[in-house]
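Here's a sequence, model it:
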Amino acid sequence: MAATDTVPDQRILPDVSVLKIGGQSLMDRGRAAVYPVVEELVAAKAQHPMLIGTGGGTRARHAYSLAAELGLPTGVLSDVGSAVAGQNASMLGFLMARHGVPVIDAGALGALPLYLAEARAAIFPGMPPYDMWQHVPAEGVIPPYRTDAGCYLVAEAYGCKQMIFVKDEDGLYTANPKTDSSATLIERITVDELIERDLPDLVVERPVLELMRRARFVRQIQVINGLKPGLITRALQGEHVGTIITAA
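Residues are numbered from 1 along each chain as shown. Predicted structure coming up:
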């Protein structure tokens, strides 16, 4: 094990950005939210090659609730969640098809360099393909590694330039801004500081924080509001918009 640290790590796609398009945050809002995001992604991909992951959203949450009530195990819920994230990837893919952007699954990741060279972008379902091998959660049966974690793992595995979570809030808040008017935006914070705060509501899945602690490449993530035009482009350009969470 020690010998594996004797050579420098190799970034496979160092110039590529990974963006996670929220299911509930954006896809579930329909045309008014999705079309402007598609237009911005298409315009930006010429200068910023990107991998676009999709979340599951409300339909996945409903499916989790139903499957859990039926007494089904975590692995089954993971498989169901993958299907919903795949539906969102398919819809986003049809919207971007005329711009040459393909939708790929886990089995096609080996062809990513070709897709990126030709189209400058590719879409994938954000759910990690654990299916029946999904990690058993500490409590309940909801899969702990869902679409936020899946998109982050793609960014880390390929040594990508950056990981941007496109949500429907301006970033991470001290509380849920949808239900607490006193919530304030946290512009920058470390993983350890965030875990120590033990906030009741996070804008990203908690396992992402643990993954960041051990990351070799993607040592920070950015959370932005996709409902505000221009913020995706500004984040791709390296601007500090929204919230930045760093590993240290």
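
Quick one: distance of stretch 227-244 to the chain centre.
Stretch 227-244 has its C-alpha centroid displaced from the chain centroid by 15 Å (CA atoms, centre = their mean, to the nearest Å).

same thing with stretch 147-162?
Remark: stretch 147-162 is offset 8 Å from the chain centroid, using CA atoms, centre = their mean.

Is Leu236 in contact with Met50, as I believe?
Yes: assessed by CB atoms under 8 Å, Leu236 is found in contact with Met50 at 7.5 Å. The C-beta positions use only the backbone N, C-alpha and C, and glycine is treated the same way.

list residues touching both of those two?
By CB atoms under 8 Å, 6 or more residues apart in numbering, Leu236 and Met50 have these common neighbours: 17, 44.

which residue ends up closest to the midpoint of the protein in space?
Against the mean C-alpha coordinate of the chain, by CA atoms, centre = their mean, the closest residue is Lys20 at 3.4 Å.

just the strands in the protein please.
Counting by DSSP state E, the chain has strands at residues 17-21, 50-54, 121-125, 162-167, 172-173, 185-186, 188-190, 220-225, 243-246.

Export those to TSV and append columns for distance to Ala111.
Conversion of the strands of the chain to TSV gives the following (distance: least, CB to CB, whole Å):
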stretch	distance to Ala111
strand 17-21	17
strand 50-54	12
strand 121-125	9
strand 162-167	22
strand 172-173	35
strand 185-186	39
strand 188-190	36
strand 220-225	26
strand 243-246	31
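
Same list (those strands) but as CSV, adding mean pLDDT and distance to Leu211.
As requested, the strands of the chain are exported to CSV (pLDDT from 0 to 100; distance: least, CB to CB, whole Å):
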stretch, mean pLDDT, distance to Leu211
strand 17-21, 98, 13
strand 50-54, 98, 14
strand 121-125, 98, 18
strand 162-167, 98, 10
strand 172-173, 96, 17
strand 185-186, 97, 20
strand 188-190, 98, 14
strand 220-225, 98, 10
strand 243-246, 98, 12
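
pLDDT weak spots in this structure?
For the chain, no stretch has pLDDT under 70.

any idea how far Gly55 is from the residue nearest to the centre of the chain?
Taking CB to CB, to the nearest Å as the measure, Lys20 falls 7 Å from Gly55.

next one: Gly86
Gly86 is 11 Å from Gly55, where distance means CB to CB.

When the two are compared, which one has more neighbours?
More neighbours surround Gly55 than the other of Gly86 and Gly55, with 30 against 18 (other CB atoms under 10 Å).

Tell me which stretches of the protein form helices.
31-44, 58-69, 74-96, 112-119, 147-157, 191-197, 206-213, 231-236 (DSSP state H).

Using PDB, write out the CA atom coordinates for stretch 203-215.
Output of stretch 203-215 as PDB, limited to C-alpha atoms (Å, rounded to 0.1, in the frame of the first residue of the first chain):
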ATOM      1  CA  VAL A 203     -27.100  21.600   0.100                       C
ATOM      2  CA  VAL A 204     -24.900  18.500  -0.800                       C
ATOM      3  CA  GLU A 205     -25.000  14.900   0.300                       C
ATOM      4  CA  ARG A 206     -23.000  14.400   3.500                       C
ATOM      5  CA  PRO A 207     -20.900  11.500   2.100                       C
ATOM      6  CA  VAL A 208     -19.400  14.000  -0.300                       C
ATOM      7  CA  LEU A 209     -17.600  15.600   2.600                       C
ATOM      8  CA  GLU A 210     -16.000  12.300   3.700                       C
ATOM      9  CA  LEU A 211     -15.000  11.700   0.100                       C
ATOM     10  CA  MET A 212     -13.300  15.100  -0.100                       C
ATOM     11  CA  ARG A 213     -11.300  14.400   3.000                       C
ATOM     12  CA  ARG A 214      -9.500  11.500   1.200                       C
ATOM     13  CA  ALA A 215      -9.400  13.100  -2.300                       C
END
